[in-house]
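K.L.:
3D model of this:
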Amino acid sequence: QKRPGKRVCRYCREERAAIKRPKTGEAVCKACFFQAFEDEVHHTIVTENLFEKGETVAIGASGGKDSTVLAYIMQLLNERHSYGLKLLLLSIDEGISGYRDDSLQAVERHSVQFRLPLVVLPYSALFGWSMDQVVAQEGRRANCTYCGVFRRQALDRGALQLNADKLATGHNADDLAETVLLNLLRGDFPRLSRCVSASTNDTSGNCHGMTLPRVKPFKWTYEKEIVMYAYFKGLDYFATECIYSPEAYRGHARAFLKDIESLRPSAIVDTIVSAQCFTFPNVDGAESCSPSSGKVP
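P.N.:
From the prediction side, this is the model:
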């Protein structure tokens, strides 16, 4: 029975609505929000065939909201749906003073809280350089480019050392939509066929020349909903932005996307869907289309 003067949950029609979902605009109670969030991630995992039973999965852990919620929900869904996965936390220490030191402490807490083994690999041990040293040598102009290349190789090396079958990252729908915009702004159309895929087999950053599949369980998950999930679940995460990121070109695409999202919340998902359906001419003049075909949960 509806309570007079109270806005009831759109899903259960019983409890008082406490949250308005950024993704759909629906007013729901906390319990139904948690269930919907978890079910949608599970739907992505199943429909995109991200994992197979018995696989070892390294979860890229930075201590931030995305990787924290990813580690929590992967552990939860692995037990709830009997995925049969062996989960590990893999964290990279870029050597950024005043930033990575504190976030690694959060990752260490997550390892204990989620009962997941943790391995930390520093740039200095892998490449002989820390990011602070790179910035001191090269300046801030292209620091995110250097860090992106180093980080990708570091994650690949770490996952291979752990004998992982796949690497799971916390890239969310906002991240993918931003990448689509960046590729369009750069005229890098061929990348549109890969950047929105929930699973990629890319050896570009792998110094061993081996294919290490990367999977994105949060492909259709909005960043705002990840923040809400972490907040209402009381998850402990590191919220400070990298001291070098304000110089990143991606920030302009992010600001533009947020402006559009405020007018039309579905713009994030629509951008991803558009990239999946994007076609461009090959060298021989034939059209090529993105292989991604995941359905929005």
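
K.L.:
list the helices and strands the helix or strand hosting Val149 packs on?
P.N.:
Using DSSP states H and E, Val149 maps to helix 143-161. Helix 143-161 sits against strand 56-60, strand 86-93, strand 118-122, helix 123-127, helix 131-138, strand 166-168, with contacts defined as 3 or more CB pairs under 8 Å, 6 or more residues apart in numbering; DSSP states H and E. Glycine gets a C-beta too; all of them are placed from N, C-alpha and C.

K.L.:
so that helix versus helix 131-138, what angle?
P.N.:
140 degrees (axes from the mean of the first three to the mean of the last three CA atoms, to 10 degrees).

K.L.:
burial count for Ser82?
P.N.:
9 (other CB atoms under 10 Å).

K.L.:
skipping adjacent residues, who's closest to Thr271 in space?
P.N.:
Closest residue in space to Thr271, ignoring its immediate chain neighbours: Ala177 at 4.1 Å, by CB to CB, 6 or more residues apart in numbering.

K.L.:
for that neighbour, list the residues it contacts.
P.N.:
Listed by CB atoms under 8 Å, 6 or more residues apart in numbering, the contact set of Ala177 reads Leu257, Ala267, Ile268, Val269, Thr271, Ile272.

K.L.:
can you check Gly63 too?
P.N.:
Counted by CB under 8 Å, 6+ apart, Gly63 has contacts Ser91, Asp102, Ser103, Leu104, Gln105, Ala106, Val107, His110, Tyr237, Phe238.

K.L.:
where does it land in three-state SS?
P.N.:
Assigned with DSSP: H, G, I helix; E, B strand; the rest coil, Gly63 falls in the coil class.

K.L.:
quick one: pLDDT of it?
P.N.:
Listed pLDDT for Gly63 reads 92.

K.L.:
same question, the one 10 residues further on
P.N.:
pLDDT, the model's per-residue confidence, is 98 for Ile73.

K.L.:
kindly report the same for Cys207.
P.N.:
For Cys207, the predicted pLDDT is 44.

K.L.:
kindly report the same for the one 5 residues further on.
P.N.:
Looking at Leu212, its pLDDT reads 85.

K.L.:
which residue is nearest the centroid of the protein?
P.N.:
Centroid-nearest residue in the chain: His171, 1.6 Å away (criterion: CA atoms, centre = their mean).

K.L.:
doesn't it lie inside a strand?
P.N.:
No - the assignment for His171 (three-state DSSP) gives coil, which keeps it out of a strand.

K.L.:
distance of it from Glu225?
P.N.:
14 Å (CB to CB, to the nearest Å).

K.L.:
what sits against the residue nearest to the centre of the chain?
P.N.:
Counting by CB under 8 Å, 6+ apart, His171 has contacts Asp66, Lys216, Phe218, Lys219.

K.L.:
kindly report the same for Ser62.
P.N.:
Neighbouring residues of Ser62 by CB under 8 Å, 6+ apart: Ser91, Ile92, Ser103, Val107, Gly170, Phe238.

K.L.:
and those, which is closest to Glu55?
P.N.:
Relative to Glu55, the closest of the contacts of Ser62 is Gly170; by CB to CB it sits at 18.2 Å.

K.L.:
secondary structure element for the nearest residue to the closest one once chain neighbours are set aside?
P.N.:
Once flanking residues are discounted, Gly170 sits nearest to Asp66: 3.1 Å by CB to CB, 6+ apart. Element membership for Asp66 (DSSP H and E) is helix 65-80.

K.L.:
quick one: list the elements packing against that helix.
P.N.:
helix 30-47, strand 56-60, strand 86-93, helix 100-113, helix 223-233.

K.L.:
residues making contact with the third one?
P.N.:
This points to strand 86-93. Identification of contacts with strand 86-93 by CB under 8 Å, 6+ apart yields 54-63, 71, 74-75, 78, 100, 104, 107, 110-111, 114, 116-124, 151, 154-155, 158-159, 162, 164, 167.
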